[in-house]
Structure formats: C-alpha cells, structure tokens
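Q: pasting the sequence and the predicted model now:
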Amino acid sequence: KAGVTQTPRYLIKTRGQQVTLSCSPISGHRSVSWYQQTPGQGLQFLFEYFSETQRNKGNFPGRFSGRQFSNSRSEMNVSTLELGDSALYLCASSPGYGELFFGEGSRLTVL
Amino acid sequence: SQQGEEDPQALSIQEGENATMNCSYKTSINNLQWYRQNSGRGLVHLILIRSNEREKHSGRLRVTLDTSKKSSSLLITASRAADTASYFCATGTDTGRRALTFGSGTRLQVQP
C-alpha cells in the first residue's frame, strides 16, 4: 500500500501570500488530520477531517482552513501568510482508530 | 500549546544500552501513543496504549502508563545506532482520539 503523500514537499512564499498544501491518504483511510511543527511550538494539531466533515479543530486563527474531498484527499490553505507560519506541515491519515500514519511533510518558508 | 512534557529533552547512550524516556500529560486521555521522527521527516507510529492498559510491549519497546500520575514511559532495550531520532508522546481524548496533543519530544542519540 502506498503511504501518505504530501505535495509540495518544499515551498517558499512571501508575507501576505496564500498557500495550499495537498495530502493523499492511504487508500481506505477516511480520516485525515493536519499538524504544524515549529522549533518553538513543537507539534500542534490543526484540524481533522473524517468523511468530508471537520471533526476537530485546533487553536489556530481562521487564516488556516482545510477541506476533504469525497476520495478522502485533503487540502489545507493558509491565507495572508505571516513569518511565523514558516513550519513543517504534516498530514496524517487513519483508518478510524487511534494510530496515525504520517506523510513526509510540506516545508513552508515565509519570507 | 503542548499538553505534555518529555524528560529528558536529550539523551545520549552507547549502542546496546537501554534508553528510557518519560512523558507527562495534563488532561484525561483515551489513548497515549509514541512516535519517532528522524530529522525533518514524517513521524512513524511506534506503539499505542489505551487508558485502561498499564503496560504494552512491541519488539524492543516497552511502554507503561500510569493514569493516576498522568505519566508514561517508553523503554527501548538494546538500542542501535538506527534508533537515533526524536521520540514524541501524543495523547488522544474521548472526543478527539485522532486530534493528538504532542509532547515536546526527547532527542535520542545512540553512539555506535
């Protein structure tokens, strides 16, 4: 089985721009969640989608949004980028119970 | 914000020795999981222990959970250079089993 695929792997944006990150979960997994990892704040939960519905949301501003499509693929969007949004964004999929399978991440640099 | 703290923040041992990492958390949990992360890469799931379990084994890994103390420990026996990585504990709640709260991590260095 193919693992979780995230695209793009690396990207550079400037302040004020927006970015869309994509995640393809493991086949058959209906849950997709997103995490932000920074040196200062560590790993923080952004949101989780299950069968196209947002099930949980972390404590992030409204500039961070996401969605899940009927094929379980997910995207997250960050609008009006700030320097502090520079991070490794990790996507994880799950068949439904606790264990998460992570992708390699999308490393965003905001200049 | 992170729920848990991990101790120690960094650990350096020789190949063949055991490595023990501790994790504390703050709220009631449904499960506690341990993940490994090689530098700048994605996380790899190691083991999951549910709140009604006290100990779990998987290969060279042993995890304990003490819900009264809100703490867990991960023991890696007979460590190898390939175990060099950062290790994170993560907790899920009854309302968010997959909305994990991660600890700050322990950076393990295994010297060959």
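A: Now that the structure is in, tell me what you want to look at.
Q: list the buried residues in the least confident helix or strand in chain A by mean pLDDT.
A: Lowest mean confidence among the helices and strands of chain A (mean pLDDT, DSSP states H and E): strand A:53-57, at a mean of 92. Across strand A:53-57, burial judged by 16 or more other Cβ atoms under 10 Å in any protein chain shown covers A:Arg55, A:Asn56. For every residue, glycine as well, the C-beta is placed using N, CA and C.
Q: so what are the sheet partners of that strand and their directions?
A: Its sheet considered, strand A:53-57 pairs with strand A:42-50 (antiparallel) by DSSP bridges.
Q: let me see the mean pLDDT of the partner strand.
A: Average pLDDT, strand A:42-50: 94.
Q: need the next SSE after the least confident helix or strand of chain A, C-terminal direction.
A: Next in sequence after strand A:53-57, counting helices and strands by DSSP states H and E, comes strand A:64-68.
Q: pull out the buried residues from that next one.
A: Those buried within strand A:64-68 under the rule 16+ other Cβ under 10 Å are A:Phe64, A:Ser65, A:Gly66, A:Gln68.
Q: the least confident helix or strand of chain A vs strand A:64-68, what angle?
A: 140 degrees (axes from the mean of the first three to the mean of the last three Cα atoms, to 10 degrees).
Q: contact partners of strand A:53-57?
A: With contact meaning Cβ atoms under 8 Å, 6 or more residues apart in numbering or on different chains, strand A:53-57 is reached by A:31, A:33, A:45-49, A:66, A:68, B:95-96, B:98-99.
Q: same list, the buried residues of strand A:64-68, but as JSON lines with distance to chain B please.
A: JSON lines is the format used below for those (distance: Cβ to the nearest Cβ, whole Å):
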{"residue": "A:Phe64", "distance to chain B": "14"}
{"residue": "A:Ser65", "distance to chain B": "16"}
{"residue": "A:Gly66", "distance to chain B": "13"}
{"residue": "A:Gln68", "distance to chain B": "13"}
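Q: could you dump those residues to a markdown table with pLDDT?
A: A markdown table is the format used below for those (pLDDT from 0 to 100):
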| residue | pLDDT |
| --- | --- |
| A:Phe64 | 98 |
| A:Ser65 | 97 |
| A:Gly66 | 97 |
| A:Gln68 | 97 |
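Q: pull the most distant pair out of those residues.
A: A:Phe64 and A:Gln68 (14.8 Å; Cβ to Cβ).
Q: anything in stretch A:87-107 near chain B?
A: Yes: using Cβ under 8 Å from any Cβ of the partner chain, stretch A:87-107 reaches chain B at A:88, A:90, A:92, A:94, A:97-105, A:107.
Q: so what's B:Ser71 closest to, chain neighbours aside?
A: B:Ser24 (4.8 Å; Cβ to Cβ, 6 or more residues apart in numbering or on different chains).
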